[in-house]
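Engineer: build me a model:
(one chain, ligands or ions: 1)
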Amino acid sequence: MEYPVRVTDYTTQRGHAATVSAISTLTAASTPTSTAAVEATSGLNAPAGITDEVTPSTVSGSRPEEKDETARRATDISRRIWPVHSTLEAAAESELVSVVGDKAVRSDISLRVLQQLYLPDQDKSYRTINHENNTLSFPLAPSFPAVKALPSHERKRILVTGGAGFVGSHLVDRLMLMGHEVIVLDNFFTGSKRNVQHWMGHPHFELIRHDVVDPFMIEVDQIYHLACPASPPHYQYNPIKTVKTSVMGTINMLGLAKRTKARFLLTSTSEVYGDPEEHPQKETYWGHVNPIGPRACYDEGKRVAETLTYSYMHQDEVDVRVARIFNTFGPRMNENDGRVVSNFIMQALRGDELTIYGDGQQTRSFQYIHDLVDGLILLMNKNYKEPVNLGNPEEYTIREFAEIIRGEINSDVEIMSLPPTEDDPQRRRPDITRAQRHLGWAPKFSVHQGIRETVQYFKNNKREELDSITS
Ligand SMILES: O=C(O)[C@H]1O[C@H](OP(=O)(O)OP(=O)(O)OC[C@H]2O[C@@H](n3ccc(=O)[nH]c3=O)[C@H](O)[C@@H]2O)[C@H](O)[C@@H](O)[C@@H]1O
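Structural biologist: Model prediction:
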């Protein structure tokens, strides 16, 4: 799938344009894996831990001189794409999170089980490609992870709009593992079937291609309404569509919640605070948003979505929850998403300069995906109806964050400054007192642990691409 990144809005900026053009030459994450090339690349059968470099060793299924040539090309390519980099500085084992979720809502689960869904062992690949015949096979019958056996009165039918996206797919994993029935609606604008392919065919799972801008009828108990592009280049690509998605999509899903008496959770955003004049941001702060700027389609769209949510609560007694999500990262982000975490990681892995927009003194707080999913499930299942910030209060300047990525991945890469983007919020950090008090929630993952997994995910995707080049 190609993602519509409008380069010009974000740049006359060389680095970003270079990033996009380099990425556009890469096959999207759905690149199939060649069996021959799998054998050509060392470390592929290692457990989904952290491996440092892709180093081809042997190639089977071809003549010796072809093997040598293929291996040499693969080495060249891997060195070009993955420069030699320092080993990731592992946090002390005792600091690493190994169990996520919360017993209070029975969402607790081992991180290892989840990792199998986004960092699977390579020999569990569902697909193989035969380049000679140009065919794709799915030879293995899917084997699903075990899900909890819930009595029917506890098993809920849960709708997740945007469930094939980055955040949505991790939420789907957790709800499925908890034993619920999950229906995903997605128009695949930024989401991807691949993010949920491991559930396709499971009797508890349904995937429906549908745009929330159009009404949708179904009987459900809970609705997690996530559908909306979230990265600035994506939501600014078609601002009218972004506003329609937030406004009409939310009206349609609230109408559904009203008819079916389903509990409704809106994923709002820290962007409702705009370029904040209060720091850190509490939920009581009304925000500072430019209503006609380039970010307005998203910021104002989400503000109206919140207004609609509370209007349906007051007027029609819909049972609502609102999460204001702060910057979140992790596996299954699009590598050409345009957001700072994926940009910096991909740039560092390729040995390109890290692109800082403006002076780099603007701040963000980065939350790992599993912490967010914990918070969303708690919020849905607790009895608290006011908006709740979900974010990690550890705050970094973008320049500091660039240094962290350099330290983690490749200290040789340079940092380059590019012009600032319009209306870029200058300081952002959540006040999470409300989440702590009413949900018993606080983030657990360090940025370092999250970055390690995310880097590994991007490397695995890149390795598949290498396989298809070298096979
Ligand atoms: O990541 C998220 O979860 C959030 O991403 C965006 O908000 P923003 O904070 O602007 O996210 P980024 O595009 O990742 O930018 C963060 C900061 O890094 C800077 N940046 C970004 C990309 C880059 O290559 N270089 C760079 O310096 C941006 O100018 C900005 O100051 C969305 O608007 C939010 O809705 C969303 O919740």
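
Engineer: off-centre distance for stretch 207-216?
Structural biologist: Relative to its chain's centre, stretch 207-216 lies at 21 Å (C-alpha atoms, centre = their mean, to the nearest Å).

Engineer: quick one: buried residues of it?
Structural biologist: 207, 210, 211, 212, 213, 216 (16 or more other C-beta atoms under 10 Å). C-beta coordinates here come from the backbone N, C-alpha and C atoms, glycine included.

Engineer: of all the residues you listed, which two lie farthest apart?
Structural biologist: 207 and 213 (18.4 Å; C-beta to C-beta).

Engineer: can you tell me which residues in the stretch 101-250 of the chain are near the ligand?
Structural biologist: Taking C-beta under 6 Å from any ligand atom as the measure of proximity, the stretch 101-250 of the chain contacts the ligand at 230, 231, 232.

Engineer: near the first one, how many residues? Count them for me, please.
Structural biologist: Counted by other C-beta atoms under 10 Å, the residues lying close to residue 230 total 23.

Engineer: wait, it touches residue 269, no?
Structural biologist: Yes - with contact defined as C-beta atoms under 8 Å, residue 230 counts as touching residue 269 (7.3 Å).

Engineer: mutual contacts of these two, please.
Structural biologist: Residues touching both residue 230 and residue 269 by C-beta atoms under 8 Å, 6 or more residues apart in numbering: residue 298.

Engineer: what residue in the stretch 351-471 of the chain comes nearest to the ligand?
Structural biologist: For the stretch 351-471 of the chain and the ligand, the shortest gap (C-beta to the nearest ligand atom) falls at residue 357, measuring 3.7 Å.

Engineer: look up which residues are beta-bridged to that residue.
Structural biologist: Note on residue 357: beta-bridge partners by DSSP bridges are residue 418.

Engineer: pretty sure it is in contact with residue 423, am I right?
Structural biologist: No - when contacts are counted by C-beta under 8 Å, residue 357 is not listed as touching residue 423 (11.8 Å).

Engineer: who's more crowded, those two?
Structural biologist: Neighbour totals were compared for residue 357 and residue 423, and residue 357 leads with 20 against 17 (other C-beta under 10 Å).

Engineer: where does the more buried one land on pLDDT?
Structural biologist: On the pLDDT scale, residue 357 is placed at 98.

Engineer: also residue 184?
Structural biologist: 98.

Engineer: check the one 10 residues further on too.
Structural biologist: Among the per-residue scores, residue 194 shows a pLDDT of 92.

Engineer: and for residue 137?
Structural biologist: With respect to pLDDT, residue 137 scores 74.

Engineer: that one pairs with what?
Structural biologist: Per DSSP bridges, the residues bridged to residue 137 are residue 128.

Engineer: so which of the residues of the stretch 101-250 of the chain next to the ligand are in helices?
Structural biologist: Members of these lying in helices (criterion: DSSP state H): residue 232.

Engineer: between the residues of the stretch 101-250 of the chain next to the ligand, which is nearest residue 328?
Structural biologist: Using C-beta to C-beta, these come closest to residue 328 at residue 230, 8.7 Å.

Engineer: pLDDT added to the residues of the stretch 101-250 of the chain next to the ligand, as TSV?
Structural biologist: Converted to TSV, those look like this (pLDDT from 0 to 100):
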residue	pLDDT
230	94
231	93
232	93
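
Engineer: need the residues of the stretch 101-250 of the chain next to the ligand in CSV (columns: distance to residue 170).
Structural biologist: Conversion of those to CSV gives the following (distance: C-beta to C-beta, whole Å):
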residue, distance to residue 170
230, 14
231, 16
232, 21
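
Engineer: between the residues of the stretch 101-250 of the chain next to the ligand, which is closest to residue 458?
Structural biologist: Nearest to residue 458 among these, with distances taken as C-beta to C-beta, is residue 231, at 15.6 Å.

Engineer: for the stretch 351-471 of the chain, what spans make up the helices?
Structural biologist: 369-381, 398-409, 433-439, 447-470 (DSSP state H, counting those that start in this stretch).

Engineer: burial-wise, tell me which of those comes out on top.
Structural biologist: Per residue and on average, the most neighbours among the helices of the stretch 351-471 of the chain fall to helix 369-381, with a mean of 24 (mean count of other C-beta atoms under 10 Å).

Engineer: quick one: mean pLDDT for that helix?
Structural biologist: Taken as a whole, helix 369-381 has an average pLDDT of 98.

Engineer: also stretch 244-257?
Structural biologist: Stretch 244-257 comes out at a mean pLDDT of 98.

Engineer: contacts for that stretch, please.
Structural biologist: Stretch 244-257 is contacted by residues 159, 161, 211-218, 220, 223, 225, 227-229, 262-264, 266, 298, 301-302, 304-305, 308-309, 312, 318-320 when judged by C-beta under 8 Å, 6+ apart.

Engineer: quick one: buried residues of it?
Structural biologist: Using 16+ other C-beta under 10 Å as the test for burial, stretch 244-257 gives 244-257.

Engineer: closest one of the residues you listed to the ligand?
Structural biologist: Using C-beta to the nearest ligand atom, residue 246 comes nearest to the ligand of those, at 11.2 Å.

Engineer: end-to-end on stretch 132-150?
Structural biologist: Chord length of stretch 132-150, first to last residue, is 47 Å (C-alpha to C-alpha, to the nearest Å).

Engineer: buried residues, it. List them.
Structural biologist: In stretch 132-150, counting by 16+ other C-beta under 10 Å, buried: residue 147.

Engineer: and if you look at stretch 410-430?
Structural biologist: Of all the residues in stretch 410-430, those buried under the rule 16+ other C-beta under 10 Å are 410, 413, 415-418, 421, 423, 425, 427-430.

Engineer: farthest pair within those?
Structural biologist: Greatest spacing in the buried residues of stretch 410-430, by C-beta to C-beta: 410 and 423 (31.2 Å).

Engineer: quickly find the element holding residue 160.
Structural biologist: Residue 160 is part of strand 157-161, with elements assigned from DSSP states H and E.

Engineer: name the next helix or strand following that strand along the chain.
Structural biologist: helix 166-177.

Engineer: list phi and psi for residue 278.
Structural biologist: With angles defined as degrees, to the nearest 10, residue 278 sits at phi -110, psi 140.

Engineer: buried ones in the host helix or strand of residue 182?
Structural biologist: Taking DSSP H and E as the criterion, residue 182 maps to strand 181-186. Of the residues in strand 181-186, 181, 182, 183, 184, 185, 186 count as buried by neighbour count, 16+ other C-beta under 10 Å.

Engineer: if I pick the spatially most central residue of the chain, what's in contact with it?
Structural biologist: Among the residues of the chain, residue 166 comes closest to the average C-alpha position under C-alpha atoms, centre = their mean, at 3.0 Å. Shown in contact with residue 166 (C-beta under 8 Å, 6+ apart): 191, 195, 230, 330, 332, 333, 334, 337, 369.

Engineer: please apply the same query to residue 158.
Structural biologist: Per C-beta under 8 Å, 6+ apart, neighbours of residue 158: 175, 180, 181, 182, 183, 220, 221, 222, 223, 224.
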